[in-house]
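A.B. asks: pasted the sequence and its predicted model underneath.
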Amino acid sequence: MLNKIAQLFKVKELRNKVLFVLLIFVIFRMMSNLLIPGIPKEGMQAIYKSMVSGNSAGNLNQGFQLLNVFSGGALDHFSVIMLGLGPYITATIILQLLGIVIPALGELQKEGGERGKKIIEQYARFFTVILAFFNAFGMLLYFQNAGVGAGGKLFGEGIGPMSLPFLASVIVVMAGSMVVMWLGELISEKGIGDGVSLLIFAGILSRMPVGVGGVLKLAAGGAISVINIILFVILSIVIIGCVVLINESKRNIAISYAKQVRGNRVFGGVTTYLPLSVNPTGVIPIIFALSFLVIPSSIAQMLTGIPAIQANAALTTGLTNFSNFFDIRINPLGHNLIYFAMIFLFTYFYAAVVFNPKEMADNFQKSGGFIPGIRPGENTAQYLDYVLSRLLFIGALFLSFVALTPSLIDSALNIQGLDFLIGGTSLLIVVSVILETVRKINAQLQMRDYDSI
């Protein structure tokens, strides 16, 4: 491994790419500490503490923690990039789903080539602008109406959503999200690896020292035993090993191609393999499930803020009970069961979006390929669907286990500083980005070895 790193910095082109990525990381970290102008610092801190301390719904806290980790703590102190890459990721997922509903968009995604890819990327940018504006407006409005902070409001009393300070802050946050998207594209273009994934990776790692410091501080005060910390470290290593194992596991399906004679030349007659990943959906099902769990609490909180509903005690109590049912702090068993079921549902749903057995079987048949022992066409599609459905069951179990890890660690070891960082999307993204980046670096080094030969 050390030899690979030494080779990486010996090659000027690769060295410049790595240094460029590190420079973007520095800019990203600086921006995460750049506060939104015009908002009192006391109001920021008080409102954020209320979001993560349990004054709001637990699921909403979980959503804010996820966004805060992804943005490298930008939400913690209301940075200009508090939205992070959330709007861009959401826009990309929406375009993928729209490809099923809109045939022209679906054809552009599948057969558009490099030109189609650029058009899709441009659509994603336009969607990001729209989503960033509404996300910034909704989040700042939610914090403004939270009822805590300086003067009882985030911006202070008497400042409404149509006022100039509020709208100026919305535009600043929207622009910050667009700048982060641009930084990610720069990494993809001039660096090594996928820029969006690497920025999220940098945001997650930047929160690790904060979590470690918090745990050590609690341990020094006697709130956490040394045995629990040792068990936590051992459990973390086991979980990371399981994530790597499942993330790299694939089912290889043999694809044979019939021989074709064209003139004096023979084509085909070879056997290749179609690798089906055990976890082909990545972290998307967890994000979908978490978003679904946030919605009931958000709706209940918005409705309870309406004066007419506040005057009805029975209705207010019903909305509170409804929100508490999804709250992990009040109803951990019900929350975890729903979370588990949603991950399973979205795993199969998203796999159906990105993987079409019928289309793949048709492509094999057109190119003269077939699975040994399986008839081409419909039978091949059924076989691929059969294999994928069983792989997805294992993948869904794996995603559910990783997603529920923070809750299990919190209840078993009472370690709240790091449990969120080694579970769910955070751990999957860190492991996936590291493995993918290492593969790309190895590919670059091997290419240069071939050039020297």
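C.D. replies: Sure thing, it's come through.
A.B. asks: hey, where'd the strands end up in the stretch 251-400 of the chain?
C.D. replies: Read by DSSP state E, counting those that start in this stretch, the stretch 251-400 of the chain holds these strands, from start to end of the chain: 260-262, 265-267, 271-277, 369-370.
A.B. asks: need the pLDDT of the spatially closest residue to residue 284 that is not a sequence neighbour.
C.D. replies: Nearest-residue entry for residue 284: residue 350, 5.1 Å, with adjacent residues in sequence omitted and distances by C-beta to C-beta, 6 or more residues apart in numbering. C-beta: built from backbone N, CA, C; applies to glycine. What the model reports for residue 350 is a pLDDT of 83.
A.B. asks: next: residue 387.
C.D. replies: With respect to pLDDT, residue 387 has a value of 90.
A.B. asks: next: the one 10 residues further on.
C.D. replies: As summarised for this prediction, residue 397 has a pLDDT of 88.
A.B. asks: before we move on, what about residue 424?
C.D. replies: For residue 424, the model assigns a pLDDT of 59.
A.B. asks: the one 3 residues further on too?
C.D. replies: In the predicted model, residue 427 carries a pLDDT score of 76.
A.B. asks: do residue 190 as well
C.D. replies: The predicted local distance difference test score for residue 190 is 85.
A.B. asks: then residue 77?
C.D. replies: Confidence at residue 77, expressed as pLDDT, is 72.
A.B. asks: distance of the closest residue to residue 235 other than its chain neighbours from residue 224?
C.D. replies: Leaving aside its chain neighbours, residue 235 sits nearest to residue 409 (7.0 Å; criterion: C-beta to C-beta, 6+ apart). From residue 409 across to residue 224, the span is 12 Å (C-beta to C-beta, to the nearest Å).
A.B. asks: and for residue 107?
C.D. replies: 56 Å.
A.B. asks: and what of residue 123?
C.D. replies: For residue 123 relative to residue 224 (C-beta to C-beta), the value is 48 Å.
A.B. asks: looking at the two, which one has more neighbours?
C.D. replies: Here residue 123 and residue 224 are compared on neighbour count by other C-beta atoms under 10 Å; more neighbours surround residue 224, at 21 against 17.
A.B. asks: what pLDDT does the model give the nearest residue to the more buried one once chain neighbours are set aside?
C.D. replies: Counting by C-beta to C-beta, 6+ apart, residue 224 lies nearest to residue 218, which is 4.7 Å off, once chain neighbours are set aside. Looking at residue 218, its pLDDT stands at 73.
A.B. asks: check which helix or strand residue 218 maps to.
C.D. replies: When secondary structure is defined by DSSP states H and E, residue 218 falls within helix 195-220.
A.B. asks: now do the buried residues in the helix or strand just after that helix.
C.D. replies: Reading on from helix 195-220 to the C-terminus, the next helix or strand found by DSSP H and E is helix 226-248. Residues 228, 229, 232, 235, 236, 239, 242, 243, 246, 247 are the ones in helix 226-248 that count as buried (16 or more other C-beta atoms under 10 Å).
A.B. asks: would you confirm that the last one contacts residue 431?
C.D. replies: Yes - with contact defined as C-beta atoms under 8 Å, residue 247 reaches residue 431; the gap is 5.9 Å.
A.B. asks: what's the closest non-adjacent residue to residue 279?
C.D. replies: Residue 279's closest residue in space is residue 395 (C-beta to C-beta, 6+ apart), at 4.1 Å.
A.B. asks: what do you get for residue 205?
C.D. replies: Once flanking residues are discounted, residue 205 sits nearest to residue 430: 7.2 Å by C-beta to C-beta, 6+ apart.
A.B. asks: what's the angle from the helix or strand encompassing the one you found to helix 226-248?
C.D. replies: Here residue 430 is covered by helix 424-452, with elements defined by DSSP H and E. For the pair helix 424-452 and helix 226-248, the angle between their directions (axes from the mean of the first three to the mean of the last three C-alpha atoms, to 10 degrees) equals 50 degrees.
A.B. asks: for helix 424-452, packing partners?
C.D. replies: Helix 424-452 sits against helix 2-10, helix 12-32, helix 58-70, helix 195-220, helix 226-248, helix 284-304, helix 378-413, with contacts defined as 3 or more C-beta pairs under 8 Å, 6 or more residues apart in numbering; DSSP states H and E.
A.B. asks: in stretch 247-258, what counts as buried?
C.D. replies: Taking 16+ other C-beta under 10 Å as the basis for neighbour counts, the residues of stretch 247-258 that come out buried are 247, 249, 253, 255, 256, 257.
A.B. asks: got it, and stretch 344-364?
C.D. replies: Judged by neighbour count (16+ other C-beta under 10 Å), stretch 344-364 contains these buried residues: 344, 346-348, 350-351, 355-357, 360-362, 364.
A.B. asks: just send those residues back as CSV, with distance to residue 210 too.
C.D. replies: Putting the buried residues of stretch 344-364 into CSV (distance: C-beta to C-beta, whole Å) gives the following:
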residue, distance to residue 210
344, 33
346, 30
347, 31
348, 36
350, 32
351, 35
355, 38
356, 43
357, 45
360, 45
361, 50
362, 51
364, 50
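A.B. asks: count of neighbours near residue 78?
C.D. replies: Other residues within reach of residue 78 by the criterion other C-beta under 10 Å amount to 22.
A.B. asks: how far does the helix or strand in which residue 120 is found sit from its chain's centre?
C.D. replies: Under the criterion of DSSP H and E, residue 120 resides in helix 113-144. Helix 113-144 has its average C-alpha position 16 Å from the chain's average C-alpha position, going by C-alpha atoms, centre = their mean, to the nearest Å.
A.B. asks: pull out the buried residues from that helix.
C.D. replies: Residues of helix 113-144 classed as buried: 120, 123-124, 127-129, 131-133, 135-137, 139-140, 142-144 (neighbour count, 16+ other C-beta under 10 Å).
A.B. asks: I'd say residue 274 and residue 252 touch.
C.D. replies: Yes - taking contact to mean C-beta under 8 Å, the distance of 7.1 Å between residue 274 and residue 252 places them in contact.
A.B. asks: which SS state does residue 81 fall under?
C.D. replies: Classification of residue 81 into helix, strand or coil gives coil, according to DSSP: H, G, I helix; E, B strand; the rest coil.
A.B. asks: residue contacts, it?
C.D. replies: 28, 31, 32, 34, 71, 74, 173, 176, 177, 179, 180 (C-beta atoms under 8 Å, 6 or more residues apart in numbering).
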